[in-house]
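1. For reference, the sequence and a predicted model appear below.
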Amino acid sequence: MMAPSGEAPLLIIVPAYNEEGAIAQVVREIQEAQPGVPVLVIDDCSVDSTAALARRAGAHVLSLPHHLGLGGCVQAGYKLAYELGYEYVIRVDGDGQHDPRDIQKIYEVLLKSRCEMVIGSRFVNGDGNHTSLARSLGIRLFRLILRPILGKPVRDPTSGFVGVNRAALAVFSRSFPLEYPEIEALVVLQRKAFRFEEVPCQMRPRRAGKSSITAVKSFYYIIHVLLGVFVNILKYEGRRKRG
Amino acid sequence: MDRLLNVMTFFSVSLIALVLFSVRRSHIRVEYSVSWLGAAVTLLLLSRSRNTLEWLASMLQLTYAPLALLFLVLLVFLVVFYRFSVIISELKDANIALAQKVAILEYRIESVPNNEKVKSTGA
């Protein structure tokens, strides 16, 4: 690749699984919004043409040998970015829901605030459009639970539109939640006494494909994430260090 | 009671035979057979030791001694299942790390210009 360049080298990562309907457009929009910034699509062993289309659109592609799920997929991108020496990484979902024009806002706050993580939030100055009722209820529940744990309110804890600096990158390269990672990642950072900020972003409807979180999975999602949050609070770090 | 104990003895001996057969055919690695063999031998010894079972039943305030054996069967297999959950978790972690490493190495190899690859292989 794609060695980082400039004073504050930035990499955009796009985790994608079977996103052939949206990925090329997502890559092109990112390139238009952030010309010259490398885009890395992490293909989670898609069975469609996601990897080929992303490559053709001008992205670098990291192809996982088998399906790892969202957390493993994002972590692979963080690991590569860390190994290559990037200072900042912003994650944009491959389904087209995130507006790449908001990348600049996240990047500027990352640079100015010196926070370890900046979350693109659909609820800061936004109306949270394109959010299902089940997800809205889940977000409200997690806001309540996370408030005392994080020591400050978080409006959109499930947002995948996230920027991190190198300190957070170092932590996530070693330890990153595997399933539904967004909320648990906040707790992982809190354990390191890292800070986060939220910036207002627009959420768009998916360009293609279906959300991995269906109505049936919502209940499992809440239980899984709740358990993950409390496990992360209590987590013994010794076993991870071996890896 | 005797019939239940005989069934448990038969089951334990069958389990030992099955595990040993699987180890011999390399279907189970030796280190993972230890938990099963330990569980099967424990059941075998208990099913052949009526006095121990009766003592155990009195300790647990059970009026019917074979219930103590069933209780122990449950306990022993819960421990075995727990041990295998730990092993599976470790294997999953290792598998994910390995898959990520493979992807990153492949990516780095593909990023090397073709002429550099030719030089390094000496072709």
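-> In hand now; what should we look at? Source: prediction; values computed, not measured.

2. Not counting its neighbours along the chain, what's nearest the residue in chain B positioned nearest to chain A?
-> The minimum distance from chain B to chain A, using Cβ to the nearest Cβ, falls at residue B:100 (4.2 Å). All C-beta spots, glycine's among them, are computed from the backbone N, C-alpha and C. Nearest residue to residue B:100 in three dimensions, chain neighbours excluded: residue A:76, at 4.2 Å (Cβ to Cβ, 6 or more residues apart in numbering or on different chains).

3. interface residues of chain B facing chain A?
-> B:93, B:94, B:96, B:97, B:99, B:100, B:102, B:103, B:104, B:106, B:107, B:111 (Cβ under 8 Å from any Cβ of the partner chain).

4. Tell me how far the fifth one lies from residue A:65.
-> To tie it back to what came earlier, the one meant is residue B:99. 5 Å (Cβ to Cβ, to the nearest Å).

5. Between these two, which is the more surrounded one?
-> Neighbour totals were compared for residue B:99 and residue A:65, and residue B:99 leads with 19 against 13 (other Cβ atoms under 10 Å in any protein chain shown).

6. Can you name the residues that contact the more buried one?
-> Listed by Cβ atoms under 8 Å, 6 or more residues apart in numbering or on different chains, the contact set of residue B:99 reads A:64, A:65, A:66, A:68, A:72, A:76.

7. and the residue of chain A nearest chain B?
-> For chain A, Cβ to the nearest Cβ, closest residue to chain B: residue A:76, 4.2 Å.

8. Run a quick neighbour tally on that residue.
-> Residues near residue A:76, counting by other Cβ under 10 Å: 31.

9. ditto for residue B:17
-> So residue B:17, with other Cβ under 10 Å, has 11 neighbours.

10. what's the answer for residue B:7, then?
-> 12.

11. That one: what secondary structure?
-> Secondary structure, DSSP: H, G, I helix; E, B strand; the rest coil: residue B:7 is helix.

12. Next, find the distance separating it from residue B:14.
-> 10 Å.

13. Kindly report the same for residue A:137.
-> 51 Å.

14. Closest to the centroid, which residue in chain A?
-> The centroid of chain A falls nearest to residue A:160 when counting by Cα atoms, centre = their mean (3.8 Å).

15. The closest residue in space to it that isn't next to it in sequence and residue A:16: what is the separation?
-> Computed as Cβ to Cβ, 6+ apart, the closest residue to residue A:160 that is not its neighbour in sequence is residue A:93, at 4.9 Å. Distance, residue A:93 to residue A:16, by Cβ to Cβ: 8 Å.

16. Which one's more surrounded, these two?
-> The residue with more neighbours, out of residue A:93 and residue A:16, is residue A:16; 28 against 21, by other Cβ under 10 Å.

17. Any buried residues in whichever helix in chain A runs longest, and which?
-> Ranked by number of residues, the top helix in chain A under DSSP state H is helix A:215-234. Going by neighbour count (16 or more other Cβ atoms under 10 Å in any protein chain shown), the buried part of helix A:215-234 is A:218, A:221, A:222, A:224, A:225, A:228, A:229, A:232.

18. wait, doesn't the residue nearest to residue A:160 sit right on residue A:17?
-> No. Using Cβ atoms under 8 Å, residue A:93 makes no contact with residue A:17, being 10.5 Å away.

19. which residues in chain B form helices?
-> Using DSSP H, helices in chain B cover B:2-24, B:30-47, B:50-59, B:65-111, B:114-121.

20. residues making contact with the third one?
-> Among residues not part of helix B:50-59, those counted as contacts by Cβ under 8 Å, 6+ apart are B:1, B:5, B:45, B:46, B:63, B:64, B:65, B:66, B:67, B:68, B:69, B:72.

21. what do you get for the first one?
-> Outside of helix B:2-24, the residues that reach it under the criterion Cβ under 8 Å, 6+ apart are B:28-30, B:33, B:36-37, B:39-41, B:43-44, B:46-48, B:50, B:53, B:66, B:69, B:73.

22. and the residues you listed, which are buried?
-> By 16+ other Cβ under 10 Å, these give B:28, B:33, B:36, B:39-40, B:43-44, B:46-47, B:53, B:66, B:69, B:73 as buried.

23. Which of those sits closest to residue A:200?
-> residue B:28 (55.9 Å; Cβ to Cβ).

24. Phi, psi for the closest one please.
-> Dihedral angles of residue B:28 (phi, psi; degrees, to the nearest 10) stand at phi -130, psi 140.

25. Report pLDDT for it.
-> We note a pLDDT of 89 for residue B:28 in this prediction.

26. Chain neighbours aside, what residue packs nearest to it?
-> Using Cβ to Cβ, 6+ apart, the closest residue to residue B:28 is residue B:22 (4.3 Å).

27. what's around the one you found, how many residues?
-> Residues contacting residue B:22 under the criterion other Cβ under 10 Å number 15.

28. That one and residue B:38: what is the separation?
-> The gap separating residue B:22 from residue B:38 is 15 Å, by Cβ to Cβ.

29. Write out the residues of chain A neighbouring chain B.
-> Chain A has residues A:1-2, A:42, A:60-66, A:68, A:72, A:75-76, A:79-80, A:83, A:178, A:243 near chain B, with proximity defined as Cβ under 8 Å from any Cβ.

30. Mind checking which of those are in helices?
-> Those of the residues of chain A next to chain B lying in helices (DSSP H): A:72, A:75, A:76, A:79, A:80, A:83.

31. leaving aside the residues next to it on the chain, what's closest to the fourth one?
-> Translated: residue A:79. Counting by Cβ to Cβ, 6+ apart, the residue nearest residue A:79 is residue A:173, at 4.8 Å.

32. so the closest residue to residue A:92 other than its chain neighbours bridges to which residues?
-> Once flanking residues are discounted, residue A:92 sits nearest to residue A:98: 4.8 Å by Cβ to Cβ, 6+ apart. Applying DSSP bridges to residue A:98 yields these beta-bridge partners: residue A:203.
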